[in-house]
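Colleague: Below are the sequence and a predicted model for it; my questions follow.
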Protein chains: 2
Amino acid sequence: MREFIDPIARLVNQFSKLPGVGQKTAQRYAYKILDMSPAQVKEFAETLVATKETVHFCAVCGNFTEKERCKICDDALRDHSVICVVKDAKDILAIEKINEYKGVYHVLGGLLNPIENVGPNDLHIKSLMTRLDGTVKEVIIATNPTVEGEATAMYLARLIKPLGVKVTRPAQGVSAGSELEYTDNATLTQALENRKEI
Amino acid sequence: MREFIDPIARLVNQFSKLPGVGQKTAQRYAYKILDMSPAQVKEFAETLVATKETVHFCAVCGNFTEKERCKICDDALRDHSVICVVKDAKDILAIEKINEYKGVYHVLGGLLNPIENVGPNDLHIKSLMTRLDGTVKEVIIATNPTVEGEATAMYLARLIKPLGVKVTRPAQGVSAGSELEYTDNATLTQALENRKEI
């Protein structure tokens, strides 16, 4: 973008690192920054750094937190005998939003992937196993229903089941509001296999 | 967003100030920041502040610049006898991109708008008039073809013409690649009135 003067080009470049942001959008964002007051820009910049500095991972489950343990792990009203295993901390937010789940979480930090060289030691599996001290009755493995997600779930199930802990996985089937005509084969197969009497 | 911990909520709030960014997109951006290394986040924050601090307006034309005068005003190869008047500094980029225009620019910083109380003294009109010292042969008024843009163009034309300077406006008509069926009435009227022999 030789038309930009350097500082604007640098800012456009920074914004284009954000997910789904191309040159045009990054340019709009950069102009918006130039339109803001110096105080507003400073606040923006400080929030970026402050958030990165204060937010880290819960020592127990790996969720985002400002303290040593996250809000959910510290909540005595949650059911600590049920652990829901997820890939990323952001998956926790998706589940919390439905306001249905009352147990606690464990973040793996990834999925098993031999092609990309991600093995069991690269995931937070050891810390999950140490949590299974007899007080935990069920582990829900809520990894994505993809090849890697399924493989990781199978691997974990084989580790956990021998401890006498129930291992479950969220049901797979057709989504609410979707049309059978446009549902992919794998999903439809699962939905038929897991059919329920009404 | 009570599901977020405070620092993430603050960051989401900052991102949602960018144009066209809602809660969901702001959330994706915030998670991306948490995924970055502390050094990368610091660089992002510093670029924000540095850009805002170093970028100001050219003393001659009002374009973005790091120096006193912008690259275009300082370029001896440009035709300084033609001034293209635009509303905002970002309009300059749009015109520079087509690589056709070889003259210089003048940024008004807005358009006349009696309803919003924007009068001639709120725009950079005086500085434009001082540039018309006899060396300028043509002023192209490239304000948007809107009510305010047209009114501003008419106002400027009345000021500039008595000085013996040619005043022009970019042609209005149907856009390249557009369909007549979907062209609005005002544009079609202009296109027919300004028809050219082929």
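Modeller: Here it is on my side, so go on.

Colleague: C-alpha only now, for contacts and for neighbours.
Modeller: Noted.

Colleague: Where does A:Val167 fall, secondary structure wise?
Modeller: Secondary structure from DSSP states H and E places A:Val167 in strand A:166-168.

Colleague: quick check: mean pLDDT across the next helix or strand after that strand?
Modeller: The first helix or strand that comes after strand A:166-168 along the chain, using DSSP H and E, is helix A:185-193. For helix A:185-193, mean pLDDT rounds to 82.

Colleague: Which residues are in contact with A:Leu11?
Modeller: A:Ala30, B:Phe44, B:Thr47, B:Leu48, B:Thr51 (CA atoms under 8 Å, 6 or more residues apart in numbering or on different chains).

Colleague: swap in A:Asp75?
Modeller: A:Asp75 touches nothing, counting by CA under 8 Å, 6+ apart.

Colleague: mind checking pLDDT for it?
Modeller: At A:Asp75, pLDDT is 94.

Colleague: In the strand holding A:Val167, which residues are buried?
Modeller: Buried residues in strand A:166-168, counted by 16 or more other CA atoms under 10 Å in any protein chain shown: A:Val167.

Colleague: Kindly report the same for stretch A:153-168.
Modeller: Buried-residue list, stretch A:153-168, by 16+ other CA under 10 Å: A:Ala153, A:Leu156, A:Ala157, A:Ile160, A:Val165, A:Val167.

Colleague: Would you mind giving the secondary structure of the residue of chain A found nearest chain B?
Modeller: The minimum distance from chain A to chain B, using CA to the nearest CA, falls at A:Ala45 (4.3 Å). When classified by DSSP: H, G, I helix; E, B strand; the rest coil, A:Ala45 comes out as helix.

Colleague: Quick check: phi and psi at A:Ile141.
Modeller: Backbone torsions of A:Ile141, given as degrees, to the nearest 10, read phi -100, psi 100.

Colleague: circling back: how about CSV for the contacts of A:Leu11, with distance to B:Leu108, pLDDT and neighbour count added?
Modeller: Below are those laid out as CSV (distance: CA to CA, whole Å; pLDDT from 0 to 100; neighbours: other CA atoms under 10 Å in any protein chain shown):
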residue, distance to B:Leu108, pLDDT, neighbour count
A:Ala30, 20, 94, 24
B:Phe44, 31, 96, 22
B:Thr47, 27, 95, 20
B:Leu48, 25, 95, 27
B:Thr51, 22, 94, 21
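
Colleague: buried residues in whichever strand or helix holds A:Gln27?
Modeller: Assigned by DSSP H and E, A:Gln27 falls within helix A:23-35. Neighbour-count burial for helix A:23-35 flags A:Thr25, A:Ala26, A:Gln27, A:Arg28, A:Tyr29, A:Ala30, A:Tyr31, A:Ile33, A:Leu34 (criterion: 16+ other CA under 10 Å).

Colleague: pLDDT value on the fifth one, please?
Modeller: Looking at A:Tyr29, its pLDDT stands at 95.

Colleague: is any part of the single longest strand found in chain A close to chain B?
Modeller: The residue-count maximum for a strand in chain A (DSSP state E) belongs to strand A:79-86. No: if you take CA under 8 Å from any CA of the partner chain as the test, strand A:79-86 misses chain B, and the best it gets is 15.8 Å.

Colleague: Okay, now the sheet partners of that strand, with direction.
Modeller: Applying DSSP bridges, strand A:79-86 is found paired with strand A:103-107 (parallel), strand A:138-141 (parallel).

Colleague: residue contacts, the residue lying closest to A:Leu192 once chain neighbours are set aside?
Modeller: Leaving aside its sequence neighbours, A:Leu192 sits nearest to A:Gly173 (CA to CA, 6 or more residues apart in numbering or on different chains; 7.9 Å). Contacts for A:Gly173 (CA under 8 Å, 6+ apart) come out as A:Thr187, A:Leu188, A:Gln190, A:Ala191, A:Leu192, A:Asn194.

Colleague: again, only using 7 Å
Modeller: Shown in contact with A:Gly173 (CA atoms under 7 Å, 6 or more residues apart in numbering or on different chains): A:Thr187, A:Leu188, A:Gln190, A:Ala191.

Colleague: With A:Cys73 instead?
Modeller: Applying CA under 7 Å, 6+ apart, the residues near A:Cys73 are A:Val104.

Colleague: Surely it is within a helix?
Modeller: No: looking at A:Cys73 with three-state DSSP, it is coil, so not inside a helix.

Colleague: returning to what we had before: so the residue of chain A closest to chain B versus B:Pro145, what's the distance?
Modeller: Applying CA to CA, to the nearest Å, one obtains 37 Å for the distance of A:Ala45 from B:Pro145.

Colleague: Between those two, which is the more surrounded one?
Modeller: Shown here are A:Ala45 and B:Pro145; by other CA atoms under 10 Å in any protein chain shown, A:Ala45 has more neighbours (22 against 15).

Colleague: The more buried one contacts B:Glu43, doesn't it?
Modeller: No: applying CA atoms under 7 Å as the test, A:Ala45 and B:Glu43 come out as separate, 9.8 Å apart.

Colleague: For chain A, which residues are neighbours of chain B?
Modeller: A:3, A:5, A:7-8, A:11, A:14, A:18-19, A:29, A:32, A:34, A:38, A:41-42, A:44-49, A:51-52, A:65, A:93 (CA under 7 Å from any CA of the partner chain).

Colleague: Tell me which two of the contacts of A:Leu11 sit farthest apart.
Modeller: Spatially, the most separated pair among those is A:Ala30 and B:Phe44, at 12.0 Å (CA to CA).

Colleague: The least confident helix or strand in chain A by mean pLDDT: how far from the chain's middle?
Modeller: Scoring the helices and strands of chain A by mean pLDDT, DSSP states H and E places helix A:185-193 at the bottom, with a mean of 82. A distance of 25 Å separates the centroid of the chain from that of helix A:185-193, by CA atoms, centre = their mean, to the nearest Å.

Colleague: Output the contacting helices and strands for that helix.
Modeller: Applying 3 or more CA pairs under 7 Å, 6 or more residues apart in numbering or on different chains; DSSP states H and E, one finds that helix A:185-193 contacts no other helix or strand.

Colleague: By neighbour count, which bits of that helix are buried? Give me those.
Modeller: A:Thr187, A:Leu188, A:Ala191.
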